[in-house]
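>>> Provided below for reference: sequence and predicted model.
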Amino acid sequence: MNIKYEINRLKNEKDACILAHYYTLPEIQEIADYVGDSYYLSKIAKDLEQSTIVFCGVKFMAESAKLISPQKKVLFPNQEATCDMVNRVDMDKVKELMNEHKNGVLISYVNCSTELKAMSYTCVTSSSAQEVISNVKNKKIIFVPDKNLGGYISSKFPSKEFVLWDGCCCYHDNITSEQVTQKKLLYPNAKVLVHPECREEVRNLADYIGSTSGIIDYATKDAKDEFIVVTDVGILHELEKTNPDKKFYELPINCSSMKLINLQDVYKCLQDEEYEITIEGEISLKATEALEKMHKLARR
Ligand code: 13P
Ligand code: SF4
């Protein structure tokens, strides 16, 4: 069986479209109709003509696609592909934090559950956080769940007070400044591109800090031809494809959940129409509002 041919055939038969994040396997990025960062993927679902979306990434992203386009069937090929940072949030503790800081507004990183989105004033992604928060009037912000992104954003708004949840992406947070410095010694001419989910000590070594699509844009437009990439290795596929004459050096960041979905899963998902994302009731309406507010406040 030619699996790519079969996926294409099923896609046409079922009026489906494949979305993928830059951290997924190269074979997945290659068959996807649209590949992007989490902001782009949270928006595009709405504008697609197809009635079915096969989402390749982690579960919270597929849930966002469903929230933003409730009339579409959203299929998620591998139920095990969940984000560790999302799973570790204790909702009772979030409620306690909100009670403690009654004058604060809850803003959540999209890497969170639908339940947390539903409680939030708005969501942000790493690429939209600055624009969104610059349009939020409240002085005090309770930011959940990524303390690294929260710390980075708070440094851009010295007049605001940030209460940060003590969560992080275990893959990005694992990287130390020593590891980046070692790479710099090996490749002294390379620029350092860092995702804001990294620790402050790592961000301090960056020539550029941004989301996955921000990193790709920066490397593509920059005159330099060597880059140390401090985010998940999945991004190397797009970086190298778009910039065949440039060199990219990776660090050991490899999100296993993002690599779970393979071609076989996508084929099976289209054939059996499994697993369908369903989100119902008030929680769905409120979480959609938070996502739509992000799009409105980001003004793009
Ligand atoms: P972005 O694509 O928004 O940079 O997000 C990275 C990420 O960790 C997604 O889980
Ligand atoms: Fe979650 Fe980190 Fe994986 Fe992104 S890279 S999905 S934040 S565990």
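The structure has been received and is ready for your questions. None of the values given here were measured: they were computed from a predicted structure. Ligands and ions are numbered 1, 2, ... in the order given.
>>> pLDDT below threshold where in the chain?
For the chain, no stretch has pLDDT under 70.
>>> Around ligand 2, pick out the residues from it.
Taking C-beta under 6 Å from any ligand atom as the measure of proximity, the chain contacts ligand 2 at 58, 83-85, 111, 169, 171, 197, 232, 255, 257-258. In this view, the C-beta of every residue, glycine as well, is placed from N, C-alpha and C.
>>> Give me the contact list for stretch 233-246.
With contact meaning C-beta atoms under 8 Å, 6 or more residues apart in numbering, stretch 233-246 is reached by 21-26, 29, 35, 212, 215-216, 219-220, 224-227, 229, 248, 250, 253-255, 258-259.
>>> other SSEs contacting the helix or strand hosting G151?
Taking DSSP states H and E as the criterion, G151 maps to helix 147-154. Packed against helix 147-154 by the contact rule (3 or more C-beta pairs under 8 Å, 6 or more residues apart in numbering; DSSP states H and E) you find helix 129-134, strand 140-144, strand 161-164, helix 200-203.
>>> orientation of it relative to strand 140-144 in degrees?
For helix 147-154 against strand 140-144, the angle by axes from the mean of the first three to the mean of the last three C-alpha atoms, to 10 degrees is 150 degrees.
>>> Establish whether helix 147-154 and ligand 1 are in contact.
No: contact of helix 147-154 with ligand 1 (C-beta under 6 Å from any ligand atom) is absent, the minimum separation being 9.2 Å.
>>> pretty sure S38 is touching T125, no?
Yes: judged on C-beta atoms under 8 Å, S38 makes contact with T125 at a distance of 4.6 Å.
>>> what do the two both touch?
Shared contacts of S38 and T125 (C-beta under 8 Å, 6+ apart): 110, 211.
>>> re the thing from before, could you identify which of the helices and strands packed on helix 147-154 is most buried?
With neighbours taken as mean count of other C-beta atoms under 10 Å, those reach their highest mean count in strand 140-144, at a mean of 22.
>>> What strands flank it, and is each parallel or antiparallel?
Strand 140-144 pairs in its sheet with strand 105-109 (parallel), strand 161-164 (parallel), by DSSP bridges.
>>> Of the ones you listed, which is nearest D146?
Using C-beta to C-beta as the measure, strand 105-109 is the one of the strands paired with strand 140-144 that comes nearest D146, at 4.8 Å.
>>> Can you tell me how far A219 is from ligand 2?
Here A219 is placed at a distance of 19 Å from ligand 2 (C-beta to the nearest ligand atom, to the nearest Å).
>>> What residues does G104 make contact with?
98, 138, 140-142, 161, 163.
>>> Rebuild the residues you listed as JSON lines, extending it with distance to S120.
Shown next, in JSON lines, are the contacts of G104 (distance: C-beta to C-beta, whole Å):
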{"residue": "M98", "distance to S120": "10"}
{"residue": "N138", "distance to S120": "12"}
{"residue": "K140", "distance to S120": "14"}
{"residue": "I141", "distance to S120": "11"}
{"residue": "I142", "distance to S120": "9"}
{"residue": "E161", "distance to S120": "17"}
{"residue": "V163", "distance to S120": "14"}
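>>> is stretch 225-232 up against ligand 1 anywhere?
No: on the criterion C-beta under 6 Å from any ligand atom, stretch 225-232 is out of touch with ligand 1, staying 6.9 Å away.
>>> And stretch 99-116, by the same measure?
Yes: legend: contact between stretch 99-116 and ligand 1 by C-beta under 6 Å from any ligand atom is shown at N111.
>>> Start at 58, not 1
New numbering, starting at 58: the last item is stretch 156-173.
>>> Now that stretch: buried residues?
161-171, 173 (16 or more other C-beta atoms under 10 Å).
>>> now stretch 245-258
For stretch 245-258, by 16+ other C-beta under 10 Å, it's 247-256.
>>> swap in stretch 229-247?
So for stretch 229-247, counting by 16+ other C-beta under 10 Å, buried means 229-230, 232, 234, 237, 240-241, 247.
>>> Which ones among the residues you listed map onto helices?
Cross-referencing the buried residues of stretch 229-247 against helices under DSSP state H gives 229-230, 234, 237, 240-241.
>>> Tell me the one among the residues you listed nearest to ligand 1.
Taking C-beta to the nearest ligand atom as the measure, H229 is the one of those closest to ligand 1, at 7.2 Å.
>>> Which residues are in contact with that closest one?
Counting by C-beta under 8 Å, 6+ apart, H229 makes contact with 205, 252, 254-256, 287-289, 310.
>>> Adding secondary structure, write the residues of the chain next to ligand 2 out as JSON lines.
Shown next, in JSON lines, are the residues of the chain next to ligand 2 (DSSP: H, G, I helix; E, B strand; the rest coil):
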{"residue": "V115", "secondary structure": "coil"}
{"residue": "C140", "secondary structure": "coil"}
{"residue": "D141", "secondary structure": "helix"}
{"residue": "M142", "secondary structure": "helix"}
{"residue": "N168", "secondary structure": "coil"}
{"residue": "C226", "secondary structure": "coil"}
{"residue": "Y228", "secondary structure": "helix"}
{"residue": "E254", "secondary structure": "coil"}
{"residue": "D289", "secondary structure": "coil"}
{"residue": "C312", "secondary structure": "coil"}
{"residue": "S314", "secondary structure": "helix"}
{"residue": "M315", "secondary structure": "helix"}
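>>> I'm done for today, thanks for sticking with me.
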